[in-house]
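>>> my questions are about this predicted structure, shown below with the sequence.
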Number of protein chains: 2
Amino acid sequence: MKRTDTSEWPCTIARSADLLGDHWNLLLIRQACLGTRRFDDFQAELGIGRNILTQRLARLVDEGILTRVEYQQNPTRFEYRLTDKGRDAYPILAAMAAWGERWLIGPEGTPLVLHHTECAHDMHAVVVCSECAQPLDVRHVRAKTGPGFSS
Amino acid sequence: MKRTDTSEWPCTIARSADLLGDHWNLLLIRQACLGTRRFDDFQAELGIGRNILTQRLARLVDEGILTRVEYQQNPTRFEYRLTDKGRDAYPILAAMAAWGERWLIGPEGTPLVLHHTECAHDMHAVVVCSECAQPLDVRHVRAKTGPGFSS
DNA sequence: AAGAGTGGGTTACATGATGCAACCCACTCC
DNA sequence: GGAGTGGGTTGCATCATGTAACCCACTCTT
């Protein structure tokens, strides 16, 4: 049966999860953030099947994460570029990378180091509160229903 | 065929995606963060099939995100509690919620509002640089290979 | 001019993963 | 002794995936 659709649930995590709760989508956005734009490059870099890639790229374009741009005519060729919405998803990936760095790597150390060109330091992502700038901890966060809460 | 295993890739995003790139896992962690601990509660709150739930809980326990604790004998009953590793994944969910709030909701407003008890303000998550505390933007981040880079 | 790319897909097929519903079992409560 | 409760397992039909082969419109090489 079809995978459960959570995109309409009254929870922004569930809605995001409908798109981001798919490893190929996450990896495609990661690649796009790293500069990949062409069908064959995504395919070669991730080893994803071409049919699945077609399907995922279509979904991401549909959701407004990527745009399909013609970059050449005769023959017409397309490339996939991040939109603002897609670019804005990067912090989520950075947070996942930071978590993975803390919990998923062995003694060999991180495979990838992130460098922030703004401050010229190697860094990792930290998720903080928009109001007090303190790092978040589940135990200090409460969820209340908001105006858009319904079904 | 089996879904591609990315847990050994030399990229912390790919490794995290192997676990977090699954909507049920994300939603289970979310529920656990909200306080759910029992099999039947997870099942009822998410509407997930019982066989899938069994399988996912086993995986999460296996990965050290949850622990299966006996909370009663005669008959023996178990509950699932977040570990430190699991609790530490909350910021990722919070980042997803913040993104969802910006891009996935209609004019009706957010269904859920987060309240930070530390500073007593309603807030949203922001992902910043560990060194300069500025919000991250893909265009200012470069990835370099680190010590653990191999296959 | 024939043959080998290149870029971006589609098709077919075997096998895994899902959703759904029914069934189990060891208690406890009424 | 019949109805829960909590935590699962089993079976089945249908989807989604991985793999690999095939297409097509051009262009470049020999």
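Thanks, I have the structure now.
>>> show me what contacts the closest residue to residue A:5 other than its chain neighbours?
Closest residue to residue A:5 apart from its sequence neighbours, by C-beta to C-beta, 6 or more residues apart in numbering or on different chains: residue A:18 at 6.5 Å. Yep, even glycine has a C-beta here, placed from its N, CA and C like the rest. Residues near residue A:18 by C-beta atoms under 8 Å, 6 or more residues apart in numbering or on different chains: A:5-7, B:23.
>>> buried ones among these?
Neighbour-count burial (16 or more other C-beta atoms under 10 Å in any protein chain shown) applied to those gives A:6, B:23.
>>> and the contacts of residue A:18, which of them are in helices?
If you go by DSSP state H, these have residue B:23 in helices.
>>> turn the contacts of residue A:18 into CSV, columns for pLDDT and distance to residue B:11.
Conversion of the contacts of residue A:18 to CSV gives the following (pLDDT from 0 to 100; distance: C-beta to C-beta, whole Å):
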residue, pLDDT, distance to residue B:11
A:5, 94, 29
A:6, 95, 26
A:7, 92, 27
B:23, 96, 21
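>>> secondary structure class of the residue nearest to residue A:5, three-state.
Under DSSP: H, G, I helix; E, B strand; the rest coil, the three-state class of residue A:18 is helix.
>>> which intervals of chain A have sub-threshold pLDDT?
Within chain A, the segments meeting pLDDT under 70 span A:1, A:151.
>>> the strands in it, which residues?
A:66-72, A:77-82, A:112-116, A:121-123, A:125-129, A:141-145 (DSSP state E).
>>> out of those, which one sits most buried?
Burial of these is given as mean neighbour count (mean count of other C-beta atoms under 10 Å in any protein chain shown); strand A:125-129 ranks first at a mean of 23.
>>> and that strand, is it in reach of chain B?
Yes - using C-beta under 8 Å from any C-beta of the partner chain, we find that strand A:125-129 touches chain B at A:125-129.
>>> and for stretch A:86-97?
Yes - applying C-beta under 8 Å from any C-beta, one finds stretch A:86-97 in contact with chain B at A:87-97.
>>> what is the nearest of these to residue A:60?
Distance to residue A:60, by C-beta to C-beta, is smallest for residue A:89 among the residues of stretch A:86-97 next to chain B, at 10.2 Å.
>>> got the phi and psi for the closest one?
phi -80, psi -10 (degrees, to the nearest 10).
>>> from chain A, which residue is nearest to DNA strand D?
residue A:49 (2.4 Å; C-beta to the nearest atom of the strand).
>>> burial check on that residue, number of neighbours?
14 (other C-beta atoms under 10 Å in any protein chain shown).
>>> distance check, it against chain B.
With the distance defined as C-beta to the nearest C-beta, to the nearest Å, residue A:49 ends up 9 Å from chain B.
>>> which outside residues touch stretch A:128-137?
Taking C-beta under 8 Å, 6+ apart as the rule, stretch A:128-137 contacts A:126-127, B:87, B:90-91, B:94, B:116, B:118-119, B:121-128, B:133.
>>> what about 6 Å?
With contact meaning C-beta atoms under 6 Å, 6 or more residues apart in numbering or on different chains, stretch A:128-137 is reached by A:126-127, B:91, B:94, B:116, B:118-119, B:121, B:123-124, B:126, B:128.
>>> I'd like the residues you listed as a markdown table, with distance to residue B:28 appended.
Output for these, formatted as a markdown table (distance: C-beta to C-beta, whole Å):
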| residue | distance to residue B:28 |
| --- | --- |
| A:126 | 24 |
| A:127 | 20 |
| B:91 | 17 |
| B:94 | 16 |
| B:116 | 24 |
| B:118 | 26 |
| B:119 | 29 |
| B:121 | 28 |
| B:123 | 24 |
| B:124 | 23 |
| B:126 | 25 |
| B:128 | 27 |
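>>> just the closest of those residues to residue A:109, please.
Proximity of the contacts of stretch A:128-137 to residue A:109 (C-beta to C-beta) peaks at residue A:126, which lies at 19.6 Å.
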